[in-house]
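Enquirer: When you get a sec, could you give me coordinates for this:
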Amino acid sequence: MSNRFFKKIVGGTNEFERTPVPEQSLKGSRSFLGMYAGEHTAGTEFVIGPLFVAHGVSAGDLVFGLLIGNLLAVLSWALITAPIATAKRMTLYYQLERIAGKNVVRWYNLVNALMFCFLAGSMIAVSATAVGIPFDLEMPTLADWFPRTAGWVVTVLLLGAVVTLVAIQGYSQVSKFANVMSPWMILIFFSAAIVGLSQLGVGSAESLVTVAREVIWNGVPLPGMSRFSVWHVIFFAWFCNMAMHIGMSDLTILRYAKSWTSGFAVFAGVYLGHFVAWIASGVLYAVFLQANSGSQEFAPGPIAYQTLGIAGAVCVVIAGWTTANPTIYRAGLALQGIFPKVATWKITAVVGGITSLAACFPALVMKLLDFVALYGLLLMPMGAVIFADFYFSEKMGFRSEGALSSKSDFSLPAFLSWVLTLVFCLGLNLFYGVEIFFLGLPGWFVAVAIFVILSKVKYPIAKSLAA
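Expert: Sure, this is the predicted structure:
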């Protein structure tokens, strides 16, 4: 019965996992505007904005850093990811299989899926902090790693089941959900900033500057938190979605675009979400800290509820949902690459279960900045491999899609590019003290260089053919 039930819900959805997306299934920029606005004006914003406050970012560093970092992110999506996505029109996982081979991609897909599960889990946990308000659920604190109560676990698991039910219906339903919800959420974030500033005593432009500098982003980290500079803000804004753009995960999404220019649609997401929403949620946290002096509680639901009441709590629920949905969808496609004969909706349902279990642990929320940087770093080298294969194979004299052209299940250049790049980044961190937020940029160039050099040795093009 359950099999027939899910088939009815999915309705025979074809996600073109191992074939290029056909022309009749392509979507215009409007679809991506809604998708990106919903995904990036979402649950993570209720966590990241307050964490900047907790890390003592100054007001000037925050605004300047977000302007520059988000611009770099938009350009990465539009100029690096989108052109490859619309030229190949294949999922990240199938495209990588043709380059790196099935045996390499199995491990990559497993890491990818787990990282997506943990990210989606953190967003389900964010929604749970709001759902638990009317039940007086005990909320997690900045120091919590494990669930505090059985009520928290039950709440998270129920939310996870609902989110998974939407995700298994495929990209069209995920996009539709985001299109419906994102305009309302954006208005809530704007309202949060206005109401929160009023509660902090802002009544003029002059008082706005004073409150921003001295109360909200005063440059003083909370106890136990490190201090962030403008460089932290720039690189985090740029690389918080490193796995999606230079890591190429959004090949899976942008393959549906009619034109590569749809990559610029992410502007709607990052500047509304990673600029306006981060600032607005920072204001909310400042209001919460002012009303609860010395509190270590860190729960987006109560933080939003204190300023905006029921509307704020509902926004937290929906915001977490709109981030978890596409993330679970991506994780399902990653595992589908390992189990190609299993229906995508079945794998997505399993992914939803893993995600729900992960969501029970508040550490995913409390350490979100570090986790986001880590998962992007782990996936980034393979994005560099795809970039190098697409742009440099002909120019540098090696065969494109080496695993496919050599009929191999294992590409040594791709595998070593992944592993050696991560070893290089680990070395920078351990021996030179380079923080995780700054490792992605040098790591990407190292991965490209390693792949090009090794591919010229492993998959050279004969001079007669090259001529």
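
Enquirer: Identify the bridge partners of residue 398.
Expert: Taking DSSP bridges, one obtains residue 460 as the residues bridged to residue 398.

Enquirer: Return the distance of it relative to residue 449.
Expert: 13 Å (CB to CB, to the nearest Å). C-beta: built from backbone N, CA, C; applies to glycine.

Enquirer: Show me where the stretch 51-200 of the chain has its helices.
Expert: If DSSP state H, counting those that start in this stretch is used as the criterion, the helices of the stretch 51-200 of the chain fall at 59-76, 82-88, 92-100, 102-131, 150-167, 171-199.

Enquirer: tell me which residues in the third one are buried?
Expert: Spelled out, it's helix 92-100. For helix 92-100, the neighbour count (16 or more other CB atoms under 10 Å) marks 92, 93, 94, 95, 96, 97, 98, 99, 100 as buried.

Enquirer: Need the per-residue pLDDT for residue 7.
Expert: Predicted confidence (pLDDT) at residue 7: the value is 39.

Enquirer: What is the burial count for residue 57?
Expert: 27 (other CB atoms under 10 Å).

Enquirer: got the contact list for it?
Expert: 65, 217, 219, 228, 229, 232, 233 (CB atoms under 8 Å, 6 or more residues apart in numbering).

Enquirer: Okay, now the unreliable bits of the stretch 101-250 of the chain?
Expert: Counting by pLDDT under 70, the ranges of the stretch 101-250 of the chain that qualify are 169-183.

Enquirer: before we move on, the earlier item: reformat the buried residues of helix 92-100 as TSV; add distance to residue 303.
Expert: Listed next are the buried residues of helix 92-100 as TSV, based on distance: CB to CB, whole Å:
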residue	distance to residue 303
92	35
93	37
94	41
95	40
96	39
97	43
98	46
99	44
100	43
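
Enquirer: Lowest-confidence one in those residues?
Expert: Among those, residue 93 has the lowest pLDDT, at 82.

Enquirer: May I have the residues that are in contact with that residue?
Expert: 17, 105, 109, 112, 252, 333, 334, 336, 337.

Enquirer: swap the cut-off to 7 Å and go again
Expert: Residues in contact with residue 93 (CB atoms under 7 Å, 6 or more residues apart in numbering) are 105, 109, 333, 334, 337.

Enquirer: Beyond the helix or strand containing the fourth one, next helix or strand please.
Expert: Using DSSP states H and E, residue 334 falls within helix 310-336. Note on helix 310-336: by DSSP H and E, the next helix or strand toward the C-terminus is helix 344-358.

Enquirer: just checking, what packs against that next one?
Expert: helix 102-131, helix 150-167, helix 310-336 (3 or more CB pairs under 7 Å, 6 or more residues apart in numbering; DSSP states H and E).

Enquirer: could you dump those helices to TSV with distance to residue 453?
Expert: Converted to TSV, these look like this (distance: least, CB to CB, whole Å):
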stretch	distance to residue 453
helix 102-131	18
helix 150-167	40
helix 310-336	28
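
Enquirer: can the ones you listed go into CSV with extra columns for distance to residue 376 and mean neighbour count?
Expert: Output for these, formatted as CSV (distance: least, CB to CB, whole Å; neighbours: other CB atoms under 10 Å):
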stretch, distance to residue 376, mean neighbour count
helix 102-131, 9, 25
helix 150-167, 21, 20
helix 310-336, 13, 26
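
Enquirer: so which of those helices gets nearest residue 402?
Expert: helix 102-131 (10.8 Å; CB to CB).

Enquirer: The closest one - contacts with which helices or strands?
Expert: helix 92-100, helix 150-167, helix 300-308, helix 310-336, helix 344-358, helix 363-366, helix 368-396.

Enquirer: what distance separates the shortest one from the middle of the whole chain?
Expert: By that I understand helix 363-366. 15 Å (CA atoms, centre = their mean, to the nearest Å).

Enquirer: who's in contact with it?
Expert: Residues beyond helix 363-366 that count as contacts (CB under 7 Å, 6+ apart) turn out to be 47, 118, 121-122, 125-126, 140, 142, 144-145, 298, 358, 371.

Enquirer: any chance of those in CSV, with distance to residue 56 too?
Expert: Formatted as CSV, the contacts of helix 363-366 follow (distance: CB to CB, whole Å):
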residue, distance to residue 56
47, 17
118, 26
121, 28
122, 22
125, 24
126, 23
140, 21
142, 14
144, 21
145, 23
298, 15
358, 29
371, 20
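
Enquirer: and of those residues, the nearest to residue 205?
Expert: Closest to residue 205, out of all of the contacts of helix 363-366 and judged by CB to CB, is residue 47, at 29.1 Å.

Enquirer: How confident was the prediction at the residue nearest to the closest one when sequence neighbours are not counted?
Expert: Nearest non-adjacent residue to residue 47, counting by CB to CB, 6 or more residues apart in numbering: residue 368, 5.0 Å away. At residue 368, the model reports a pLDDT of 86.

Enquirer: which residues sit in contact with residue 368?
Expert: Residue 368 sits in contact with 44, 47, 48, 51, 122, where contact means CB under 7 Å, 6+ apart.

Enquirer: okay if I get these as TSV plus distance to residue 277?
Expert: Shown next, in TSV, are these (distance: CB to CB, whole Å):
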residue	distance to residue 277
44	9
47	11
48	9
51	13
122	16
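
Enquirer: ok, these vs residue 86, which is closest?
Expert: Using CB to CB, these come closest to residue 86 at residue 44, 26.8 Å.

Enquirer: Any figure for the gap between the closest residue to the closest one other than its chain neighbours and residue 229?
Expert: Leaving aside its chain neighbours, residue 44 sits nearest to residue 323 (5.8 Å; criterion: CB to CB, 6+ apart). The gap separating residue 323 from residue 229 is 27 Å, by CB to CB.

Enquirer: thinking again about what came up before, mind checking which of the helices and strands packed on helix 102-131 is nearest residue 280?
Expert: helix 300-308 (9.7 Å).

Enquirer: what separates the closest one from the chain centre, distance-wise?
Expert: For helix 300-308 - counting by CA atoms, centre = their mean - the centre lies 23 Å from the chain centre.

Enquirer: Give me the contact list for it.
Expert: With CB under 7 Å, 6+ apart, helix 300-308 has contacts from 46-47, 50, 126, 129-130, 132-133, 139, 188, 191-192, 195-196, 199, 284-285, 287-288, 291, 312-313, 315-316.
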